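Student: Give me a 3D structure for the following:
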Amino acid sequence: MSTTGLAGRSVIVTGAGSGIGRATALAFAAEGARVLVADLNAEGAEKVVEEIAAAGGTAVAVTGDLSEQAVVDRVTATAVEQFGGVDVLVNNAGIMDRMSAAGEVGDAEWERVIRVNLTAPFLLTRAVLPHMLEAGKGAIVNTASEASLRGSAAGAAYTASKHGIAGLTKSLAVTYRNKGIRANAIAPGGTKTAIAVDADRDALGPQVLASYMGNVGSAAEAEEQAAAILFLASDAASNINGAILPVDNGWSAV
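Tutor: Take a look at the predicted model:
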């Protein structure tokens, strides 16, 4: 019998059409949670919903760019209408930068990475908070990164965005801890997903950062990251709040 306390709860997982998000959506559904699968890719999102349904679970897909307020509103409204509220929010969707150093980052790269990786999680968090406050409980789990702990794991834009996610997580934890809402984050190291880095190897950023990549160690499976997210959202982590948990095979300890 499951001890996570997640059965019957309403869960939003972003970036759930593939990678860590897909593994997370499947893990919550296996615990009996009702899952809203949010992703930019409609085909991927619908496939995950079908996987959950085939296993006897409950899920619905909402597709669109979560950096747009209208999409955020649709995700939140769908979860409330279909599942009666929002018990858990997993802000997982994100994109990589080009490993660019600060002097090499163009406006478009900077603005897109910050918008997707930091502004979108903020917008969705802001949208679900009234529902969690009304219920007097809730759990938010963000996907940060090794780049939220150090300056040597990605380019300037991605590193800034993930440091921002760590700060947002801690701010939420402090502000809402007496309202029954917890906020934590995982900081994944290298993980086997479909996210690729389109880096210019002749640029300064990739040249400098390459020397640090030997510390990554073996890459994690997406399911290993999902297990950590599930734990932080579960009743087993009821007194864990404001934590940034490395899931990185010891990379952060090197």
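Student: okay, CA-based contacts and neighbour counts for the rest of this
Tutor: Fine.
Student: Tell me which stretches of the stretch 101-250 of the chain form strands.
Tutor: Here the stretch 101-250 of the chain has its strands, by DSSP state E, counting those that start in this stretch, at 138-143, 181-188, 244-247.
Student: Ala194: which of those is closest?
Tutor: Shortest distance between Ala194 and the strands of the stretch 101-250 of the chain, using C-alpha to C-alpha, is found for strand 181-188: 14.5 Å.
Student: which helices and strands does that closest one pack with?
Tutor: Contacts defined by 3 or more C-alpha pairs under 8 Å, 6 or more residues apart in numbering; DSSP states H and E place strand 181-188 against strand 138-143, helix 156-176, helix 222-233, strand 244-247.
Student: looking at those, which is buried most?
Tutor: Compared across these, strand 138-143 shows the largest average neighbour count, a mean of 26 (mean count of other C-alpha atoms under 10 Å).
Student: Look up how far Asp200 lies from the residue sitting nearest the centre point of the chain.
Tutor: Nearest to the mean C-alpha position of the chain, by C-alpha atoms, centre = their mean, lies Asn92 at 1.7 Å. Distance of Asn92 to Asp200, computed by C-alpha to C-alpha, to the nearest Å: 26 Å.
Student: Glu146 too?
Tutor: To Asp200, Glu146 is 21 Å away according to C-alpha to C-alpha.
Student: picking up where we left off before, turn the helices and strands packed on strand 181-188 into JSON lines, including distance to Phe122.
Tutor: Shown next, in JSON lines, are the helices and strands packed on strand 181-188 (distance: least, C-alpha to C-alpha, whole Å):
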{"stretch": "strand 138-143", "distance to Phe122": "10"}
{"stretch": "helix 156-176", "distance to Phe122": "8"}
{"stretch": "helix 222-233", "distance to Phe122": "18"}
{"stretch": "strand 244-247", "distance to Phe122": "17"}
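Student: want to throw those into TSV with mean pLDDT and distance to Ala185?
Tutor: Listed next are these as TSV, based on pLDDT from 0 to 100; distance: least, C-alpha to C-alpha, whole Å:
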stretch	mean pLDDT	distance to Ala185
strand 138-143	98	4
helix 156-176	98	7
helix 222-233	98	8
strand 244-247	97	5
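Student: Of all the ones you listed, which one comes closest to Ala7?
Tutor: helix 222-233 (11.9 Å).
Student: Ala236 versus the residue lying closest to Asn215 once chain neighbours are set aside, what's the distance?
Tutor: Counting by C-alpha to C-alpha, 6 or more residues apart in numbering, the nearest residue to Asn215 once its immediate chain neighbours are dropped is Trp251, at 6.1 Å. Using C-alpha to C-alpha, Trp251 is found at 25 Å from Ala236.
Student: who's more crowded, the two?
Tutor: Neighbour count, other C-alpha atoms under 10 Å: between Trp251 and Ala236, Trp251 has more, with 18 against 13.
Student: Need the CA coordinates for the helix or strand of the chain with the lowest mean pLDDT. PDB is fine.
Tutor: Within the chain, no helix or strand scores below helix 204-210, which has a mean of 85 by mean pLDDT, DSSP states H and E. Provided in PDB are the C-alpha atoms of helix 204-210 (Å, rounded to 0.1, in the frame of the first residue of the first chain):
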ATOM      1  CA  LEU A 204      34.300  31.500 -25.000                       C
ATOM      2  CA  GLY A 205      31.500  30.000 -22.900                       C
ATOM      3  CA  PRO A 206      31.700  26.400 -24.300                       C
ATOM      4  CA  GLN A 207      35.500  26.600 -24.200                       C
ATOM      5  CA  VAL A 208      35.700  27.500 -20.600                       C
ATOM      6  CA  LEU A 209      32.800  25.300 -19.400                       C
ATOM      7  CA  ALA A 210      34.100  22.200 -21.200                       C
END
